[in-house]
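# Please find the sequence and the predicted model below.
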Amino acid sequence: MKKIIPICLLLLTLCLAQGVGAHAVITDYSLKITPIRANSPAQVELSFNSKIELGLSQIFLVSIGDKHTLLQADKGSKQGQIIIHIPPLAAGDYALRFKVFAADGHLTEDIIRFSVSE
Amino acid sequence: MAGIADFLDSLIGGFDLICYSLAIGSLFWGLFVLRPWHQPEQYPALLLQKTITLIYKGGFWLAAAQLFKIILKIWLMAAVLERSPFPDFAGTTQFIGGIIRTLLTLVLAVYSYHVLRNQPFSKQHWISAALVAVPMIISGAWLVHGAGRFENQALLMSLTVLHQLAAAAWIGGVFQLINLWLLRNNHQLDGGLWPLLLKRFTVFGIASVAALLISGLPIALQYIDSWNGLIGTGYGNLLLVKITLMAIALGFAWLNKSAVSDYGLSGNNYALTHRVPYYIEAETFVLVTLLFTAASLASQPPAIDIPNLTASWQEVLNTFNPQIPQTSSPKHTDLIAGEAGRVAIVGQTPSLAATEWSNYNHNIAGIFLTVMSFFAMLSYVKYPALRPLKYWPLGFVGLGIFLFFRSDAETWPLGPIGFWESTFNNGEVLQHRIATLLVLVLGIMELAARMTKNPDSKLPYVFPLLAAFGGLMLLTHSHVGFQAKSAFLIQVGHTTMGIFSLILACGRWLELKLDQPSKNIATEGVYAESLPGAGGRIGSLPIATLPPSLAVAAIAGFISVAALFQIGIILMFYREPLY
């Protein structure tokens, strides 16, 4: 009997483990006002509500078929801002998938979907 | 693996706060409630020894938890980034602050173990212990939510530390009351100390709660800037949960205070010894859950930052809107056909079949629980024909079988992926399998509890403990995916069920503990007629002639079943947003 309760509690812990949590969120991004044109490199600005540990963060470009390409990112001029360098893209649907660590230690995973037009 | 690491990170956050409350709250208890340097002859050495033991054990566990948090972060980052997080991680505030706090906590624990333990009646040593604790308390400021903010950073960090201190004073004091009761119950303590220290703690507890509110209110106003933010975001939702839990805990505290006052007026200690200890146990359930909720809250994006992702109060209310449960399932082939589009990042297509599949699962589970709770209510009625209804937990076994078939439609027995392959190669499927097993185990164990002839069986306590833990889990994991409004609307129902799970647990615990009627409820159903609306009698005895705690226990049991009914209703009306 003494062992049953701890085992049940342990199993419950495992069974309810879920996906990754979030604290830092995007408060603004430049794609909203500056769409990307086909076949020309571009920069996308992401603004977060928290300080970001850039060295511990990753941003991917996701194209049709969910193919992932790691993108280069730099700190922006404002606090919590990241500049992402996008290579020339053909017209179509894409997404930015990012995994960033906030200064308070929490991980954020999110996706921004966008389209590239001629 | 990243999901498990992150969730363990949430859990360790709650555990961290429990240890903090044990260490710091016990220190407060010694300094302000016990004050052993006044009239040292009043206190047995054993009481001081146990009090100080909780300080240094809390300290050592806190240091271990802090270290484990760092290890979990490393694990999480390695899993997500698919590379070592060093050397970048070594330069972060989280790493440096975490290591410093671990070391400072160890200093407090070692001082308490080596010095304070040998000088338990010395005022000077108690004050020294408090001074040793100060750097550790301050160091925590760099590990809280406010540390990552751009505005009012210092103010938020300071207020959060004060908030944590006030919570530790209250909750640590409650832990000490349990310690005190255990000593008294084992006849290791003079009976007069129990009411004396309860009375002293009443004043101290009120001051702690006042400090908790005074420090918490400005933090809430910094992070939530509108009523919609309070109602329509994950942050606001968990804050409301905290307020609800605090109200429940204060309800128990009020019952305790009333018992102490009554004792002061009448000298009758019946309530002090037959009710208060169990109210304190139930209050502990609530406070521990509160700490885990607080840890979960710290991982939420503040409402002020996500105005575009905030749900309106109408949308929130709509999630609880009564509607006809979905009792027909979409075809399995339709579900499988829509999965690829639903999980795609580029070109994502919402799957109606997946949403309806989920609605059906939730609604049927709700029907299971609602029917079970209805049978459970009837089982309190002392009527021979209704006697078999006390085996209502059999429904959990049925629910477990239902979940086994329905939870993961793409795997065996319904889908093409084999049982072992799906169980061990997919974390989510593994979690569902374990959840299914647990529901089955819960049903079987509660059935066994109701069938046992052993009057000293501990089996009846498994149910409320697991229910409390289930409630805690529902509240703790609620931060997942809160960025999307639809995900938040899913979570609102889950956090509400978490609160009802806790009420279920507390009610059942009190039913079992108050005047120990567990043997009766599990095997005989003796006090069935003491329930409201059941004639106010137990057998041939009018309720007025019963020991008061027996009637209170029966009411607590009924509240517990009513909470199960509410969970069933929420599930029965559940509707998942299309995504």
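The structure has been received and is ready for your questions.

# Determine how far stretch B:181-189 lies from the middle of the whole chain.
Centroid separation for stretch B:181-189 versus its chain: 27 Å, with CA atoms, centre = their mean, to the nearest Å.

# Can you point out the buried residues in it?
Neighbour-count burial for stretch B:181-189, counted by 16 or more other CB atoms under 10 Å in any protein chain shown, picks out B:181, B:183-184, B:189. Quick note: C-beta positions are derived from backbone N, CA and C, even for glycine.

# In this structure B:Pro460 contacts B:Leu512, no?
Yes. Using CB atoms under 8 Å, B:Pro460 and B:Leu512 qualify as a contacting pair, with a distance of 5.4 Å.

# neighbour-wise, which of those two wins?
The neighbour comparison of B:Pro460 against B:Leu512 (other CB atoms under 10 Å in any protein chain shown) goes to B:Leu512, with 25 against 22.

# is it true that the more buried one touches B:Pro464?
Yes. Taking CB under 8 Å as the definition, B:Leu512 is a contact partner of B:Pro464 at 7.1 Å.

# which sections of chain A are below the confidence cut-off?
Counting by pLDDT under 70, chain A has low-confidence residues at A:1-23.

# Also chain B?
Across chain B, the ranges flagged by pLDDT under 70 are B:1-7, B:10, B:424-428, B:431, B:477-484, B:515-550, B:579.

# Going along the chain, name the strands of it.
With DSSP state E as the definition, chain B shows strands at residue ranges B:537-538, B:541-542.

# measure A:Ser30 to A:Gln81 for me?
10 Å (CB to CB, to the nearest Å).

# hey, what's in contact with both of those two?
A:45-46 (CB atoms under 8 Å, 6 or more residues apart in numbering or on different chains).

# where's the residue nearest in space to the middle of chain A relative to A:Asp74, distance?
Nearest to the mean C-alpha position of chain A, by CA atoms, centre = their mean, lies A:Phe98 at 1.7 Å. In this structure, A:Phe98 and A:Asp74 are separated by 14 Å, where distance is defined by CB to CB.

# same check, this time on B:Pro85
Applying CB to CB, the value for B:Pro85 to A:Asp74 is 19 Å.

# again, but for B:Phe419
Separation of B:Phe419 from A:Asp74 (CB to CB) stands at 48 Å.

# Next: B:Ile324.
From B:Ile324 over to A:Asp74 the distance is 54 Å, taken as CB to CB.

# cool, B:Leu475 as well?
Using CB to CB, one obtains 39 Å as the distance from B:Leu475 to A:Asp74.

# same thing with B:Ala130?
Taken as CB to CB, the spacing of B:Ala130 relative to A:Asp74 amounts to 47 Å.

# Over to B:Gly498?
Relative to A:Asp74, B:Gly498 is positioned 42 Å away (criterion: CB to CB).

# which residue packs closest to the residue nearest the centre of chain B, ignoring adjacent ones?
Here the mean C-alpha position of chain B is nearest to the C-alpha of B:Thr289 (CA atoms, centre = their mean), at a distance of 2.4 Å. Taking CB to CB, 6 or more residues apart in numbering or on different chains as the measure, B:Thr289 lies nearest to B:Leu472, with 4.9 Å between them; neighbours along the chain are not counted.

# who touches the one you found in this structure?
Contacts for B:Leu472 were tallied using CB under 8 Å, 6+ apart; they are B:14, B:288-289, B:292, B:498, B:502.

# what residues does the stretch 101-250 of chain B put near chain A?
Counting by CB under 8 Å from any CB of the partner chain, the stretch 101-250 of chain B comes close to chain A at B:143-145, B:147-150.

# Phi, psi for A:Ala103 please.
phi -60, psi -20 (degrees, to the nearest 10).

# isn't it right next to A:Asn49, touching?
No. The criterion here is CB under 8 Å, and A:Ala103 misses it with A:Asn49 at 11.1 Å.

# Neighbour count: the two, which is higher?
Neighbours around A:Ala103 and A:Asn49, counted as other CB under 10 Å, are more numerous at A:Asn49. The numbers are 23 against 20.

# How much space separates the closest residue to the more buried one other than its chain neighbours from B:Ala282?
What sits nearest to A:Asn49 in space, not counting adjacent residues and going by CB to CB, 6+ apart, is B:Asp305, at 3.9 Å. For B:Asp305, the distance to B:Ala282 equals 36 Å [CB to CB].

# Looking at these two, which one has more neighbours?
Of the pair B:Asp305 and B:Ala282, B:Ala282 is the one with more neighbours under other CB under 10 Å, namely 27 against 23.
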